[in-house]
Each structure stands twice: as structure tokens, then as C-alpha cells.
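Novice: Everything below, folded, please.
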Amino acid sequence: RFDAVSITLYGGLRFEPVARRWDEAWQAALLRHHAYAHLVPHRAETLPMRVDDVQLLNTSLLYDVAGVPVDLQLPGANHYWGTLIPFLRCCKATFGKPRRPCGPVTHPRKLLPAAPKGKAKTTGTHSTLPLPEGLWGPTERGHGGGAPGERHTWRQKMLRAWSGATAAPFALDEDAAHAAMTRWVQGEGLHHYDAHRSRVDIETAVSRLSPCLKWGTLAPTALYWAVEDERRGVPDKDFAAVFSRRLFWRDLAYFQLHCFPEMHTASVRGHYEDTIWEDPDTDPDAKEKLRRLCFGKTGYALVDAGMRELQETGWMQQNVRMVVASFLTEYLGMHWVHGFRLFHDTLVDADLAINAMMWQNAGRSGVDQWNFVLNPTNGGTRDPQGTYTRRWCPELTATPMHSLFRAQPHALVQDLEGARVLTLERVRYMRARALRHIDGGGIDLLRLPNGGVFRVFTRRELRELERVGHVAIKDKVVDVVRLVDGRPHAAPGAGAGARLDTLAGGKKKEKAKEPLFKKKKKSRVQ
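Specialist: You can find the predicted model right below:
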């Protein structure tokens with residue numbers, strides 16, 4: 001027999017706020033109770049161990065974003081805060097290049113639970129520890145729309161999609177993840193990434209390694225250095241530069257989540273919460289539209305193909321995700337949080353920070369709002385032959401290419417331009433009532449956790465508006481919303497526009513030609 005050996009446990013540090021609290025609670029519990037376990041070495045006997053130290057290390061990001069200066073070392077508040085390039089420069093100036101992995105990692109030896117003489121509380125797992133109260137969050141059911149008895153079916157669908165067999169375990173273990181990375185980096189994937197990254201009909205157009213990064217079977221530093229090593233052998237200095245930068249988007253998302261821990265539930269630009277949205281929680285018509293979006297029945301082929309693929313496999317290519325996000329926020333006029341919840345519940349690579357950042361930017365309330373809108377009818381460049389779309393929408397097999405991506409007769413939105421104009425005017429109306437959050441050039445201002453106030457990128461079409469009472473609405477939308485005495489009112493039979501009167505009041509009508517933004521030396525944010 002052996003005396004207990006003092007050991008140190010090492011674990012990966014998670015950066016989601018709730019997960020971080022769980023990890024810290026486990027760390028404290030392990031140290032407080034000096035947990036025992038048995039190590040099974042290559043010889044037959046077992047070796048009892050006592051945990052005397054627990055080290056949580058960064059294994060999921062390129063950098064520890066908690067160490068990034070909140071102001072990103074920007075030279076002044078006139079620079080846009082929170083965008084990729086300033087963040088990337090700040091990280092490299094603060095930390096240097098990401099650390100290179102130390103080499104192949106051998107599989108850890110198996111830890112077995114000890115059998116202590118005391119009556120420690122167990123939880124049905126290998127733990128012999130009394131769990132700290134409130135350690136585990138509530139278990140949530142999915143929102144996929146299935147009945148309780150369908151949970152097993154959902155699991156089988158995911159296994160078929162990712163392992164090719166219903167009874168096989170999840171195939172993407174560490175060995176498989178590293179093999180997939182090597183094939184894509186050294187093969188056609190990375191070498192044709194710049195040309196193919198928007199194509200949804202080419203399987204190798206993107207790496208499909210995001211589930212591996214999400215679940216920890218592949219370290220981001222391993223992927224970063226695999227790409228850097230491949231770049232050294234290519235004369236073109238711009239080779240893989242776009243993909244290499246995209247690896248830092250994950251860190252940027254977690255940096256934003258570190259600064260705004262409620263980013264997955266509340267708009268970073270807080271005044272955007274006052275935008276008038278179609279609300280599926282209170283409006284049966286909006287609820288039905290959201291349900292049809294969830295199951296790929298919108299009447300727009302590319303959107304429907306992406307949503308059906310998501311329901312069957314838990315996966316959707318990045319460009320299709322962006323098309324879906326634009327469709328929900330720009331054309332259905334719904335709050336971004338509904339899309340966030342849907343994706344977070346169904347994606348196999350569902351990542352709290354990245355998902356929240358993407359949906360917030362699509363919904364204009366994020367740090368770096370999108371400077372574009374993706375029309376669902378422009379699918380020809382993403383799926384030139386219609387192969388991807390017809391695979392997931394077999395009812396369109398006989399539809400010719402020239403009409404494949406057009407609105408179908410049963411489409412949720414028949415007038416895309418009119419729907420987008422209505423959404424745009426609702427956002428402009430909200431901004432005109434939140435001038436204290438906007439500088440003299442029409443740029444949104446954001447207060448950081450350290451008290452600093454910085455400008456954040458704002459789309460030009462949102463900067464160019466005038467005060468409440470002189471909102472420009474195109475003729476096709478006038479029948480839905482009209483202004484009376486500077487207050488929004490619903491025209492007869494206005495339908496969705498009737499909710500505009502919920503934000504009415506507060507300001508007198510200004511002169512029609514008075515500009516919204518006057519140049520001034522200082523801007524005030526409250």
C-alpha cells in the first residue's frame with residue numbers, strides 16, 4: 001500500500017460568466033475538502049491521491065481576455081471601440097503572439113473515485129464531494145418544437161449527422177479533431193478559403209472545426225499555429241490572412257462578453273431596447289412567423305434550406321447564418337434575442353459569446369453593427385447550381401435556377417423592401433428619442449465598465465435622419481405608419497404599425513429643416 005500522494009489538478013478555464021462561477025466553485029470545493037481519488041497507472045496496484053492544489057488554465061482562447069485593457073489602448077475616444085483590428089493590435093501589443101502548443105498530448109490516465117470511509121454526499125457521478133449549493137444551473141429543455149418523447153430522436157439525428165451511425169459515440173474526439181484540422185489546413189480547404197468561403201455548396205469551403213473548438217477537442221492555439229506553419233510555405237504573403245484573423249473573432253466575442261456579462265440577454269447599446277419590434281411573445285401572427293422560420297417554411301429557399309439543415313444536423317454554414325439573421329431582424333422586424341435563443345438551442349457549436357455578438361451585430365445593437373443587409377433572394381452567388389438548396393428543399397427540385405431564390409407564393413414577407421424600410425424607420429425613430437446616447441455626428445456612444453465613453457460604429461443610413469416629427473417614410477410604408485403632430489399613430493388598418501403609439505410623446509415637433517445633429521465640442525451620455 002501507498003500513502004496518499006499530494007497532487008495538483010489542472011483544468012481548462014471557461015470564460016462564460018456562469019461557467020466561470022461554476023469552475024471557481026468546484027475549485028474551492030476541491031481545495032476545501034482535499035478530495036481523494038485513485039490513479040490507475042500502468043501497473044496493477046492503485047495509488048491514492050489527495051488534491052492540494054487546483055490550477056485553471058486558459059485552453060479555450062488565444063488570449064486571456066480578462067487581461068486585455070478595457071479601452072483597447074485606443075489613442076482617444078474618437079476611435080471606434082470594440083472592433084476587430086484595434087482589439088487584435090492591443091492583444092499583440094499586450095501578450096505578443098499566441099503561445100505555441102507544447103506538442104502532442106498523451107491521453108490522461110484514468111481517474112477513479114476513491115471509497116472514503118466517511119459518508120460523503122454523492123451526485124451519481126464519480127465525485128465524492130458534497131456539491132456547493134447552487135453549483136448546477138437549472139436543466140433546460142430545448143425549444144426545437146418536438147414533444148417530450150422526441151428527445152431521443154433529436155439525439156439520433158445529431159449522431160447520424162456527425163458520426164454516420166446511430167449507435168456510435170460522438171466521433172469528433174481529440175484525435176479526429178486534429179486529423180480533420182490537418183486535412184483542411186494542408187488540403188484544398190485553407191488554400192481555397194478566400195475564393196470559396198461564401199459558397200454553401202462546397203463542403204470544404206469552411207473548416208467545420210467550430211464544434212471542436214466549442215467542446216474543447218481542439219485548442220485554438222493548435223489551429224492558429226497549424227495555419228501559421230502552412231502560411232510559411234506559401235510565397236503569397238496574403239495567403240490565409242482572412243482566415244487567420246477570423247480566429248481572433250472568438251477572443252473578441254469573449255472580450256465583449258467580459259465587458260458586458262449580460263450581452264446574451266440585453267442589448268449592448270441599451271437605447272436600442274426601445275426599438276419597436278414584432279413580438280412573438282404577445283402577437284400570435286409574429287409567433288407563427290417565428291415558428292415557420294424555425295422549421296424552414298418561410299417561402300425563401302436559402303433561408304428554408306439553412307433552417308432545415310440546422311434542425312437535422314445542428315449545423316449551418318456561416319454565410320447562411322448571416323442570411324437568416326438578416327431575415328429575422330431586418331425583414332421580419334423581430335428582436336435579435338429570438339434568433340439568439342433559437343441558434344443557441346440547436347447549434348452543435350453553440351457558443352454563448354460568439355452567438356450573442358453575431359446576433360447583436362445583426363440586430364444593430366451590438367458593438368460592431370453590420371454595415372450590410374443580406375437579401376434572402378440573392379442566393380445565386382452562394383449556391384450557383386442550387387445543389388445545397390435543393391438537397392434540403394426537395395420540393396424545389398424542378399424549380400429552375402432563375403426563380404429558385406425568389407419569394408414563393410406562400411412567403412412570409414412578400415414585400416421585402418417595404419418590410420426593411422419599416423424596420424429602418426422604427427430604428428431611426430428610436431434613435432431620435434435617444435439623442436443623449438449619440439454624438440454630434442450621429443455615432444452611437446457606449447459607456448464602458450471602467451467609466452470611459454467611446455464611439456461605436458454606426459451605419460450611415462442610421463446617422464442620416466432628422467428629429468421626431470420629420471421622419472422620412474417611403475410611400476409604400478405611409479399607409480402603415482404616419483405622423484400626426486409629431487407623434488406616431490397607426491393609420492386605419494395599419495396592422496403591425498399600430499404598436500408605434502407605445503413610444504409616442506415626450507418631444508415637441510421640431511422645425512422640418514432643423515438637423516438632428518449639431519456640431520458641438522462635447523457630447524453628454526447619461
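
Novice: where's the residue nearest to Asp173 when sequence neighbours are not counted, which helix or strand?
Specialist: Distance criterion Cβ to Cβ, 6 or more residues apart in numbering; nearest residue to Asp173, sequence neighbours excluded, is Thr217 at 6.0 Å. No exception for glycine: its C-beta is placed from N, CA and C like everyone else's. Following DSSP states H and E, there is no helix or strand that holds Thr217.

Novice: Identify the residues contacting Thr217.
Specialist: Leu172, Asp173, Glu174, Ala176, Ala177 (Cβ atoms under 8 Å, 6 or more residues apart in numbering).

Novice: Angles on the backbone of the residue nearest to the fourth one when sequence neighbours are not counted, please.
Specialist: To tie it back to what came earlier, the one meant is Ala176. For Ala176, ignoring the flanking residues on the chain, the nearest one in space by Cβ to Cβ, 6+ apart is Thr217 at 7.6 Å. Recorded main-chain torsions at Thr217 are phi -80, psi -10, according to degrees, to the nearest 10.

Novice: and Thr217, what pLDDT?
Specialist: For Thr217, the pLDDT comes out at 89.

Novice: Repeat that for Gly380.
Specialist: Gly380 is given a pLDDT of 93.

Novice: How much space separates the residue nearest to Asp173 from Ser244?
Specialist: Using Cβ to Cβ, to the nearest Å, Thr217 is found at 21 Å from Ser244.

Novice: same check, this time on Arg321
Specialist: The value you get for Arg321 to Ser244, if Cβ to Cβ is used, is 21 Å.

Novice: Next: Asp383.
Specialist: Counting by Cβ to Cβ, the gap from Asp383 to Ser244 is 27 Å.

Novice: Which of these two has more residues huddled nearby?
Specialist: Set Asp383 next to Ser244 and count neighbours by other Cβ atoms under 10 Å: Asp383 wins out with 25 against 16.

Novice: which residues touch the more buried one?
Specialist: So Asp383 contacts Arg199, Val200, Asp201, Leu302, Thr389 (Cβ under 8 Å, 6+ apart).

Novice: I'd guessed Leu209 sits against Pro220; true?
Specialist: No - here Leu209 does not reach Pro220: they are 9.5 Å apart, not a contact under Cβ atoms under 8 Å.

Novice: For Leu446, give me phi and psi.
Specialist: phi -130, psi 130.

Novice: next one: the one 10 residues further on
Specialist: The phi/psi pair for Val456 (degrees, to the nearest 10) reads phi -130, psi 150.

Novice: before we move on, what about Gly380?
Specialist: Dihedral pair for Gly380: phi -60, psi -30, per degrees, to the nearest 10.

Novice: Give me the neighbour count for it.
Specialist: 14.

Novice: Which parts of the stretch 101-250 of the chain are helices?
Specialist: Listed in chain order, the helices of the stretch 101-250 of the chain (DSSP state H, counting those that start in this stretch) span 151-163, 174-186, 188-191, 193-196, 210-215, 220-232, 241-259.

Novice: Would you mind giving those as TSV with distance to Asp349 added?
Specialist: As requested, the helices of the stretch 101-250 of the chain are exported to TSV (distance: least, Cβ to Cβ, whole Å):
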stretch	distance to Asp349
helix 151-163	11
helix 174-186	12
helix 188-191	17
helix 193-196	18
helix 210-215	4
helix 220-232	13
helix 241-259	11
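
Novice: Compare these and report which one is nearest to Val5.
Specialist: helix 174-186 (26.7 Å; Cβ to Cβ).

Novice: how about the strands in the stretch 1-150 of the chain?
Specialist: Using DSSP state E, counting those that start in this stretch, the strands of the stretch 1-150 of the chain run over residues 5-13, 36-39, 47-58, 111-113.

Novice: looking at those, which is buried most?
Specialist: Most buried of those, by mean neighbour count (mean count of other Cβ atoms under 10 Å): strand 36-39, with a mean of 17.
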